[in-house]
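S.K.: Provided below are the primary sequence and the corresponding predicted coordinates.
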Amino acid sequence: MFLREMMKLHDRITTPNQYPFNIPSIVHLDRLAFTRNVTFFVGENGSGKSTLLEAIAYQCGFNTAGGSQNNTYELADSGALLGDYIRLSWMPKIRQGFFLRAESFYQFAAHIDELAKEDRRAYASYGGKSLLAQSHGESFFSLFQHRFGQRGIYLLDEPEAALSPAKQLAFLSMIHELQKSAQLIIATHSPILLGYPNAEIYSFDANPIQHIRFEDTDHYQVTRRFLENRKQYLRELLD
């Protein structure tokens with residue numbers, strides 16, 4: 001494990017009533033400790049989990065549109081507004097890794113295509129061919145299989161976005177292998193991924209952000225109740 005703690009720099013914030021500082025989970029955020037190699041951020045849409053993950057990516061020196069320190073391309077809505085207002089504590093400091101931003105994955109894949117026009121070896125870390133020449137799910141899996149694996153820190157924002165349930169299960173195996181030499185922080189809505197054993201789970205629906213058990217997450221409870229009482233749920237929703 002490399003990243004030990006994240007601290008918010010309250011004294012630098014001059015506009016506390018503006019986004020992103022007015023997100024409830026960020027308002028009450030002071031520091032967050034990382035004690036395990038796999039950490040999950042969970043919470044409703046807009047709860048701040050992706051905002052914080054992007055800020056951590058910014059402090060790691062990764063491109064906040066997605067990629068590593070070596071990927072330089074521009075994306076208008078990837079400014080990491082919280083990035084300058086947090087500090088990371090490392091032991092040891094590491095620069096290798098990757099930031100996956102599911103919503104801008106197409107732009108990242110297009111960036112790799114541009115690099116490959118100059119040197120086809122740019123595809124070597126992505127299965128040997130363009131990510132855009134594969135289905136959305138296949139391109140995600142190619143990234144996980146070929147780009148991940150080395151010692152480093154991996155920040156993943158909704159990696160399940162393009163994965164079928166079966167592929168999510170396969171990705172759990174990848175997580176297990178990767179965490180032996182790397183640290184992962186994952187923002188997710190997937191109850192399958194959240195089921196990874198002994199992971200640290202932080203709920204952004206609580207203020208302040210709090211640890212939560214897998215079985216206590218809404219993701220697990222809502223999914224379980226729906227599967228066990230599908231007809232009743234549908235009747236209440238649709239009648």
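M.R.: Structure received. Everything quoted here is computed from the prediction, not taken from an experiment. Residues are numbered from 1 along each chain as shown.

S.K.: Going by C-alpha atoms from here, please, whenever you check contacts or count neighbours.
M.R.: Fine.

S.K.: dump the residue contacts of the closest residue to residue 204 other than its chain neighbours.
M.R.: For residue 204, the nearest residue in space outside its immediate sequence neighbours is residue 43; the separation is 4.9 Å by CA to CA, 6 or more residues apart in numbering. The contact partners of residue 43, by CA atoms under 8 Å, 6 or more residues apart in numbering, come to 49, 189, 203, 204, 205.

S.K.: Give me the distance between the first one and residue 176.
M.R.: Using CA to CA, to the nearest Å, residue 49 is found at 22 Å from residue 176.

S.K.: Looking at these two, which one has more neighbours?
M.R.: residue 49 (26 against 15; other CA atoms under 10 Å).

S.K.: right, and the more buried one touches residue 187 too?
M.R.: Yes - the criterion here is CA atoms under 8 Å, and residue 49 meets it with residue 187 at 6.3 Å.

S.K.: list residues touching both of these two?
M.R.: Residues touching both residue 49 and residue 187 by CA under 8 Å, 6+ apart: 41, 42.

S.K.: before we move on, back to that, of the contacts of residue 43 - the most surrounded one?
M.R.: Going through these with other CA under 10 Å as the criterion, the one with the most neighbours is residue 49, at 26 neighbours.

S.K.: Could you report the pLDDT at that one?
M.R.: Per-residue confidence for residue 49 comes out at a pLDDT of 95.

S.K.: Chain neighbours aside, what residue packs nearest to it?
M.R.: Of all residues beyond its chain neighbours, the one nearest residue 49 is residue 41 (5.9 Å), with distances taken as CA to CA, 6+ apart.

S.K.: So the one you found, which state does it fall into?
M.R.: Classification of residue 41 by DSSP: H, G, I helix; E, B strand; the rest coil places it in strand.

S.K.: Okay, strands next: where are they in this structure?
M.R.: For the chain, the strands defined by DSSP state E occupy 3-8, 31-33, 38-42, 86-90, 97-101, 152-157, 182-187, 200-203, 210-211.

S.K.: Pull the residues that contact the shortest one.
M.R.: Contacts of strand 210-211 from elsewhere in the structure, counted by CA under 8 Å, 6+ apart, are 200, 201, 202, 203, 204.

S.K.: Identify, from those, the entry nearest to residue 81.
M.R.: Of all the contacts of strand 210-211, residue 204 has the smallest distance to residue 81: 17.9 Å, by CA to CA.

S.K.: residues contacting that closest one?
M.R.: Neighbours of residue 204 in contact, by CA under 8 Å, 6+ apart: 25, 41, 42, 43, 44, 47, 48, 49, 210.
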